[in-house]
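Chemist: Sequence first, predicted coordinates after that:
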Amino acid sequence: MSTDRDTVRSYDAVAAEYAAEAAAMPDWVATEIDAFVTDLGGSGRVLEIGSGGGRDALELEKRGISVRRTDISKGFVELLRERGFQADLLDPLTDDLADPQCPGTPYDGIWACACLIHVARVDFGTVLGRLAEATRPSGRLHVSVRDGDGESVSTHGSSATPRHYVETYWRESALRSALTDAGWIVSEIRRCIGRPDDRWLSVRASRA
């Protein structure tokens, strides 16, 4: 498993509440979606890692992109299915990433917004490499991680249910090296700010 079990359990327990909290599209994510769709030429099949409540997938589909929704949290997968969407429980470190709808056909892109922060540093390169292997040559990647050093445990949120999220931080040079080593060509790494003190490194890359 690529993600701390307490983190997964926390998401399972508050999936509906978390989805409601994250329903509004941050400006920086909207900008990244615009760039991602443009780079894909307005069409294609995309594997989304960490779909959560499904906000980003809906926006991508409005732009003509076909999205395979996946999440490591059963709570989010069940929520998406209850809302009428097909969604798969998937751990990007260990599970088969092949598209069940298009066997033998690689994805045109990978969308992994603000979710690989929960992947342990020791597993991060492996996950990036597996995502590259599942993507066609020149296919596109969006991944965003927290900007900083080390790891932390976040307990943010308003729920009465305790939350425990283990998060890994990255500096640009180390992130760029991990991506290159995993088979990605980095076009740009942008520094983005969400909530106050919520700093992200947002990657635009293509499959080598």
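Modeler: Sure, I can see it. Numbering: from 1, shown residues only.

Chemist: Which strands or helices does the helix or strand encompassing Val127 pack on?
Modeler: Element membership of Val127 [criterion: DSSP states H and E] is helix 121-133. In terms of contacts (3 or more C-beta pairs under 8 Å, 6 or more residues apart in numbering; DSSP states H and E), helix 121-133 is packed against strand 135-147, helix 172-181. Where you see a C-beta, it was placed from the backbone N, CA and C, and this is true even at glycine.

Chemist: Just the C-alphas of the helix or strand of the chain with the lowest mean pLDDT, formatted as CSV.
Modeler: Across the helices and strands of the chain, mean pLDDT, DSSP states H and E gives its lowest value to strand 151-154, namely a mean of 84. The C-alpha coordinates for strand 151-154 follow below in CSV (Å, rounded to 0.1, in the frame of the first residue of the first chain):
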residue,chain,number,x,y,z
GLU,A,151,6.7,15.0,6.2
SER,A,152,3.8,16.0,8.5
VAL,A,153,0.5,14.8,9.9
SER,A,154,-2.4,17.1,9.1
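
Chemist: what's downstream of that strand, the next helix or strand?
Modeler: Once strand 151-154 ends, the next helix or strand along the chain (criterion: DSSP H and E) is strand 165-170.

Chemist: Could you pull out the buried residues of that next one?
Modeler: 165-170 (16 or more other C-beta atoms under 10 Å).

Chemist: I'd like to know which of those is nearest to Asp6.
Modeler: In terms of C-beta to C-beta, no member of those lies closer to Asp6 than Val166, at 7.1 Å.

Chemist: now that closest one, nearest residue through space, not along the chain?
Modeler: Leaving aside its chain neighbours, Val166 sits nearest to Asp4 (4.0 Å; criterion: C-beta to C-beta, 6 or more residues apart in numbering).

Chemist: Provide a list of residues in contact with the one you found.
Modeler: 118, 120, 166 (C-beta atoms under 8 Å, 6 or more residues apart in numbering).

Chemist: Let me have those in a markdown table, adding distance to Ala19 and pLDDT as columns.
Modeler: Shown next, in a markdown table, are the contacts of Asp4 (distance: C-beta to C-beta, whole Å; pLDDT from 0 to 100):
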| residue | distance to Ala19 | pLDDT |
| --- | --- | --- |
| His118 | 17 | 96 |
| Ala120 | 25 | 95 |
| Val166 | 20 | 90 |
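
Chemist: got CSV for those, with distance to Gly129 too?
Modeler: What follows is these, written out as CSV (distance: C-beta to C-beta, whole Å):
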residue, distance to Gly129
His118, 18
Ala120, 15
Val166, 22
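
Chemist: re the thing from before, ok, the residue nearest to Val166 to Val143 distance?
Modeler: 19 Å (C-beta to C-beta, to the nearest Å).

Chemist: before we move on, what about Gly44?
Modeler: Gly44 is 17 Å from Val143, by C-beta to C-beta.

Chemist: and the two? which has more neighbours close in?
Modeler: Val143 (28 against 20; other C-beta atoms under 10 Å).
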